[in-house]
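[1] no sequence for this one, just the structure:
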């Protein structure tokens, strides 16, 4: 054992395993590179948009790479690039290429709304990306235009097809299920796993951002979604894999893809949480549902050096909470919108 507390790292061979105060292994960093988005989804932001960060306030790609290099030496092995919409920031594929070259990073992925994906899929694969998540809450073009306030469904589906053609694997479809909003499409999304090699993830609606209108009544528990999908066929569990997230994974016999369920509301997975988040403006967040943040950008721009970055990493491990308090009277919905945190 090295370090001075329960948040220290364990060395196994040449690989370090970061542990927090609750003995969870922390190996995953989600990096949001922009708060800008080319959609205006109704549960995320108002039609006129939101006040955006100044470009000078965003971490540069060089700063992001320096953080990942230090974190990777201490046990972070999995990185996801998010936004906002990451592909609206110029040079996103260059960042992918730089991170893919960092020793110790074994899993690199990206989450996108898919609007620009067709034009970037080949460059992303050549840069070293191997898998991708596309956020898509409806398969109906008219409803897509209503939900996102943009008529770009065709572009998104073309992006998904391009990702499959470029052999990104898996290509995941993230569906936030909201009562009275898109819950009549549950089986249509599940059928995609029968006809396409797609991994469809059903996500419970979460209380993130002051504008998303969450009150708990619109959240449909995964158990209810599962019962509806079982009308299509038996859901067969899939064996866990090394880089699995919180999704419970299944497939339907004969299907080309799989189905997963992410249940932050009805079935807390905080005890298995393995992640930290880095916001576009250089703050470390230890929990999606908390407004507590640790400033990393200040240390970078003061030139404090690697030791300061290491110290912030271990501060994050010490302060990472045991879990969120959704459903508790003490729970207070975080004020940053998802576009400014990273999906």
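    Looks like it arrived, so ask away. Because the structure is a prediction, the values reported are computed rather than measured.

[2] so where is this protein shaky, pLDDT-wise?
    Residue ranges of the chain with pLDDT under 70: 1-15, 207-216, 242-244, 267-268, 324-340, 342-343.

[3] where along it do the helices fall?
    Assigned by DSSP state H, the chain shows helices spanning 61-73, 92-100, 117-127, 141-148, 153-165, 186-195, 222-229, 297-302, 306-319, 338-341.

[4] now do the second one against helix 61-73, angle only.
    Orientation note: helix 92-100 sits at an angle of 30 degrees relative to helix 61-73 (axes from the mean of the first three to the mean of the last three Cα atoms, to 10 degrees).

[5] quick one on the thing from earlier: among the helices of the chain, which comes closest to residue 108?
    helix 92-100 (5.4 Å; Cβ to Cβ). Yep, even glycine has a C-beta here, placed from its N, CA and C like the rest.

[6] what is that closest one packed up against?
    helix 61-73, strand 78-82, strand 107-112, helix 117-127 (3 or more Cβ pairs under 8 Å, 6 or more residues apart in numbering; DSSP states H and E).

[7] that older thread, could you look over the helices of the chain and pick the most buried one?
    Ranked by mean neighbour count, the helices of the chain are led by helix 338-341 with a mean of 26 (mean count of other Cβ atoms under 10 Å).

[8] can I get the helices and strands packed on helix 92-100 in JSON lines with distance to residue 177?
    As requested, the helices and strands packed on helix 92-100 are exported to JSON lines (distance: least, Cβ to Cβ, whole Å):
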{"stretch": "helix 61-73", "distance to residue 177": "32"}
{"stretch": "strand 78-82", "distance to residue 177": "20"}
{"stretch": "strand 107-112", "distance to residue 177": "17"}
{"stretch": "helix 117-127", "distance to residue 177": "22"}
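
[9] thinking again about what came up before, do you know which of the helices of the chain lies nearest residue 21?
    With Cβ to Cβ as the criterion, residue 21 lies closest to helix 306-319 of the helices of the chain, at 6.1 Å.

[10] residue 113 touches residue 133, doesn't it?
    No - using Cβ atoms under 8 Å as the test, residue 113 is too far from residue 133 to be in contact (10.1 Å).

[11] mind checking how far residue 142 is from residue 153?
    With distances taken as Cβ to Cβ, to the nearest Å, residue 142 is found 9 Å from residue 153.

[12] re the thing from before, any idea which of the helices and strands packed on helix 92-100 gets closest to residue 256?
    helix 117-127 (19.2 Å).

[13] ok, which of the helices of the chain comes nearest residue 179?
    Among the helices of the chain, helix 222-229 sits nearest to residue 179 (Cβ to Cβ), with 9.6 Å.

[14] angle of that closest one against helix 186-195?
    Calculated by the same axes, to 10 degrees, helix 222-229 forms an angle of 70 degrees with helix 186-195.

[15] what are the contacting residues of helix 222-229?
    177, 186-187, 190, 202, 204, 235, 248, 252, 259, 261-263, 266-267 (Cβ atoms under 8 Å, 6 or more residues apart in numbering).

[16] just the buried members of these?
    The neighbour count (16 or more other Cβ atoms under 10 Å) marks 177, 186, 190, 202, 204, 235, 248, 252, 259, 261-263, 266 as buried among these.

[17] distance between the ends of stretch 233-248?
    Counting by Cα to Cα, to the nearest Å, you get 17 Å between the two ends of stretch 233-248.

[18] for it, buried residues please.
    Using 16+ other Cβ under 10 Å as the test for burial, stretch 233-248 gives 235, 238, 245-248.

[19] closest to residue 57 out of those residues?
    So of those, ranked by how close each gets to residue 57 (Cβ to Cβ), first place is residue 245, at 29.3 Å.

[20] distance of the closest one relative to residue 317?
    19 Å.

[21] got the end-to-end distance for stretch 20-27?
    For stretch 20-27, the first and last residues are 11 Å from each other (Cα to Cα).

[22] list the buried residues for it?
    20, 24, 26-27.

[23] tell me which of those fall in strands.
    Among the buried residues of stretch 20-27, DSSP state E puts residue 26 in strands.

[24] tell me the contacts of residue 154?
    So residue 154 contacts residue 141 (Cβ under 8 Å, 6+ apart).

[25] redo that, cut-off 10 Å
    115, 118, 141, 144 (Cβ atoms under 10 Å, 6 or more residues apart in numbering).

[26] before we move on, the earlier item: residue 113 and residue 133 - which one has more neighbours?
    Higher neighbour count among residue 113 and residue 133: residue 113, with 28 against 22, using other Cβ atoms under 10 Å.
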